[in-house]
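Engineer: Based on what follows, work out the 3D shape:
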Amino acid sequence: MKKLTIALSLLLTAACATMPMNSSSKDSAGASLAPAGIATKSTDASSYILFSDPKAVRTIDWSSSIYGLNIKGTMTSKGFYPAGKIEGHGSFCADGKDWFSLNDLTVHKASDGKTPAGSYVLGCAVASGFQPASRDAVVVQ
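Structural biologist: Numbering: from 1, shown residues only. Purely as a prediction, here's the structure:
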C-alpha cells in the first residue's frame, strides 16, 4: 500500500508539472491566440525590448538578468508580439497618456493626436526612452 501511495504521488506530481499554468494566451476553446511560432510566455520568448532604450529589439541571454523595465516576446513582420507582462525594475508613470507602438517601436505623445494602430504600451515619453504606466501591454490581433 505504501509503494502504491508513493507511485501515485509521483505520477500526480509529474502530471501537474506538465500542465500549463498560464491560460491567458488561450481562447475559450483552448486554442492559442498567438500566431504559430510566436512565444506566448515570457520564458519561451527569444527577444525583449528595454524601455530605457526602446528602439532596439535585443536577443535574450538567459545566463544574465535583465534589470530595467522590459517586455519579452517575438519580433515578426508585423511588429513585436509581447509574451506576458512587463517585467524588471524601474519607475512607472502615473499619467500614462503617451504610448509606445510595438508595431514599429516608436514613442508617440498624446499631444500628437494619433491613436494606436496595433499593439502598444501606455505610459509617458521621457528623455531616457519610455516609462510604462503599468505592467500591461495592449495586444491587437
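
Engineer: okay, CA-based contacts and neighbour counts for the rest of this
Structural biologist: OK.

Engineer: So, low pLDDT: which residues of this structure?
Structural biologist: Applying pLDDT under 70 to the chain flags residues 1-37.

Engineer: Gly123 and Ile86, how far apart?
Structural biologist: 12 Å (Cα to Cα, to the nearest Å).

Engineer: ugh, typo on my part, it should be Gly129
Structural biologist: 15 Å.

Engineer: of these two, who's got more company?
Structural biologist: A direct count of neighbours by other Cα atoms under 10 Å for Gly129 and Ile86 places Ile86 higher, at 22 against 16.

Engineer: separation between the more buried one and Ala133?
Structural biologist: As defined by Cα to Cα, Ile86 lies at a distance of 10 Å from Ala133.

Engineer: what's the answer for Val107, then?
Structural biologist: 13 Å.

Engineer: what's the answer for Pro82, then?
Structural biologist: Taken as Cα to Cα, the span from Pro82 to Ala133 is 16 Å.

Engineer: Looking only at neighbour counts, state which of these two leads.
Structural biologist: Pro82 (29 against 20).

Engineer: Surely the more buried one is in contact with Thr76?
Structural biologist: No - contact status for Pro82 versus Thr76: not in contact, 10.6 Å apart, counting by Cα atoms under 8 Å.

Engineer: ok, how many other residues are close to the residue nearest to Lys78 when sequence neighbours are not counted?
Structural biologist: Excluding the flanking residues, the one nearest Lys78 by Cα to Cα, 6 or more residues apart in numbering is Asn103, at 6.2 Å. Neighbour count of Asn103, defined by other Cα under 10 Å: 19.

Engineer: Surely Asn103 touches Gly79?
Structural biologist: Yes - in this structure, Asn103 is within contact of Gly79 by Cα under 8 Å, at 3.9 Å.

Engineer: And the strands in this protein?
Structural biologist: 47-50, 57-59, 70-76, 79-82, 98-101, 106-108, 120-126, 129-132 (DSSP state E).

Engineer: I'd like those strands laid out as a markdown table, including distance to Lys41.
Structural biologist: Shown next, in a markdown table, are those (distance: least, Cα to Cα, whole Å):
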| stretch | distance to Lys41 |
| --- | --- |
| strand 47-50 | 12 |
| strand 57-59 | 15 |
| strand 70-76 | 8 |
| strand 79-82 | 9 |
| strand 98-101 | 20 |
| strand 106-108 | 24 |
| strand 120-126 | 17 |
| strand 129-132 | 20 |
